[in-house]
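A.B. asks: need coordinates for the below:
(one chain, ligands or ions: 2)
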Amino acid sequence: MSFKKIKIYDSTNLSKGLLNIFLFEYTLNMDDAEIVISNKQENINKTYILLKNEQLNLIENNHNLFISDFSIENFQVILLKLLSNIFNEKPFELLYLLEDKRKEVAEFIKNLIVLFEVEDKKSSMSHTQRVAFYSKKFAEYLKWPEDKIELVYDLAMLHDVGRIGIEQLMLFSKTRVYDLEEWDLEHTVAGSIFLANRKELWYAMDVVRSHHEYWDGTGYPDHLKGEKIPYMARFIGIIDWFDWATHTATSEHFGILTPEESIEYVEFNLGKKFDPILGEKFINFIKEYLSKEQFI
Ligand SMILES: [Fe+2]
Ligand SMILES: [Fe+2]
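C.D. replies: Ligands and ions are numbered 1, 2, ... in the order given. As a prediction, this is how the structure comes out:
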């Protein structure tokens, strides 16, 4: 399962900050863009927005479908018309694709996740916060661009959305081991079903569903193998595993490992449990991190 970003060409830059950066991706190639916004007349057979002589035009096959004076508000209206034209949906629903709405929903859900998690006394951080923290550090180490770092942090904050309330269950239930094992298998599916109902969070679907898949196909829930596992799920999956091993692994597995023991385990499992290239980069990153900073 993979979610393709919608390609947008915009020579006016007007749409920047309006569209959900996780659903849309800017391109300089007009031919493969699904959405075109231009400041000059284009000879293309797709509907596009033209900004010319202080006027906004929605153009289809050289016909003007809509004209208005230029203002940001009018631009938003015309952009929604174009989106609804392309996606064949009601403009109202497409409002959900806008960045503000996505942020609002994502922030609320992230707060809820942290609220339900058990905080580590030493660092005052929960599992999700630590995974997001190290995902960001790893992305910075790889010198990713700012928006991609923001994206991986956001995805890491959402990765265990299907576990809301489970740690409470583990703490207070007599059958906690059983519940833990059952739920660990289910939370990826539960999370993706939850997300299916929230259009604003669809971009996190891959990570929520596939962060427990293993490179050799022995993970869950879909037993995906190798590069079939979405990249961000592989990325966050390694950090997720590392955090689990160093903080919560129970004696049915191997008990809590030190960071150094966990590194050895990752090393041993390159090409088995973990993406060999990404896993090796992670090892280099975490070794460098541990040489300078306190492990949390
Ligand atoms: Fe998980
Ligand atoms: Fe997790």
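
A.B. asks: need the next SSE after the worst-scoring helix or strand of the chain on mean pLDDT, C-terminal direction.
C.D. replies: Every helix and strand of the chain was ranked by mean pLDDT, DSSP states H and E. The lowest is helix 91-94, at a mean of 57. Proceeding N to C from helix 91-94, the next assigned helix or strand is helix 99-116, under DSSP states H and E.

A.B. asks: who does that next one touch, helix- and strand-wise?
C.D. replies: On a contact count with 3 or more CB pairs under 8 Å, 6 or more residues apart in numbering; DSSP states H and E, helix 99-116 meets helix 127-141, helix 146-158, helix 166-172. All C-beta atoms are positioned from the backbone trio N, CA, C, and that covers glycine.

A.B. asks: one more time with 7 Å
C.D. replies: Using 3 or more CB pairs under 7 Å, 6 or more residues apart in numbering; DSSP states H and E as the contact test, the elements touching helix 99-116 are helix 127-141, helix 146-158.

A.B. asks: relative to residue 9, which of those helices is closest?
C.D. replies: Among those, helix 146-158 comes nearest to residue 9, with 17.5 Å by CB to CB.

A.B. asks: and that closest one, how far out from the chain middle?
C.D. replies: 6 Å (CA atoms, centre = their mean, to the nearest Å).

A.B. asks: is that helix anywhere near ligand 2?
C.D. replies: No - judged by CB under 5 Å from the ion, helix 146-158 makes no contact with ligand 2; its nearest approach is 8.7 Å.

A.B. asks: from the contact counts, what lies against that helix?
C.D. replies: Helix 146-158 packs on helix 99-116, helix 127-141, helix 205-210, helix 231-247, going by 3+ CB pairs under 7 Å, 6+ apart.

A.B. asks: can I get the CA coordinates of that helix in PDB?
C.D. replies: Output of helix 146-158 as PDB, limited to C-alpha atoms (Å, rounded to 0.1, in the frame of the first residue of the first chain):
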ATOM      1  CA  GLU A 146      13.500  20.800   6.500                       C
ATOM      2  CA  ASP A 147      10.100  19.700   5.300                       C
ATOM      3  CA  LYS A 148      11.100  16.100   5.200                       C
ATOM      4  CA  ILE A 149      12.400  16.300   8.700                       C
ATOM      5  CA  GLU A 150       9.100  17.900   9.800                       C
ATOM      6  CA  LEU A 151       7.300  15.100   8.000                       C
ATOM      7  CA  VAL A 152       9.200  12.200   9.600                       C
ATOM      8  CA  TYR A 153       8.800  13.800  13.100                       C
ATOM      9  CA  ASP A 154       5.000  14.100  12.500                       C
ATOM     10  CA  LEU A 155       4.700  10.500  11.200                       C
ATOM     11  CA  ALA A 156       6.700   9.200  14.100                       C
ATOM     12  CA  MET A 157       4.300  11.000  16.500                       C
ATOM     13  CA  LEU A 158       1.400   9.200  14.800                       C
END
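
A.B. asks: quickly note the distance from the closest residue in space to residue 99 that isn't next to it in sequence to ligand 2.
C.D. replies: Spatial nearest neighbour of residue 99, chain neighbours left out: residue 20 (5.0 Å); criterion: CB to CB, 6 or more residues apart in numbering. To ligand 2, residue 20 is 24 Å away according to CB to the ion, to the nearest Å.

A.B. asks: sorry, back to before: which among the helices and strands packed on helix 146-158 is found nearest to residue 78?
C.D. replies: Once the helices and strands packed on helix 146-158 are compared by CB to CB, helix 99-116 is nearest, at 17.5 Å.

A.B. asks: anything in that closest one near ligand 2?
C.D. replies: No - Helix 99-116 lies out of reach of ligand 2 by CB under 5 Å from the ion, never closer than 10.1 Å.

A.B. asks: what comes up buried for that helix?
C.D. replies: Neighbour counts over helix 99-116 (16 or more other CB atoms under 10 Å) mark 99, 102, 106, 109-110, 113-114, 116 as buried.

A.B. asks: same question for stretch 8-28.
C.D. replies: Residues of stretch 8-28 classed as buried: 8-10, 12, 14-15, 18-24, 26-27 (neighbour count, 16+ other CB under 10 Å).
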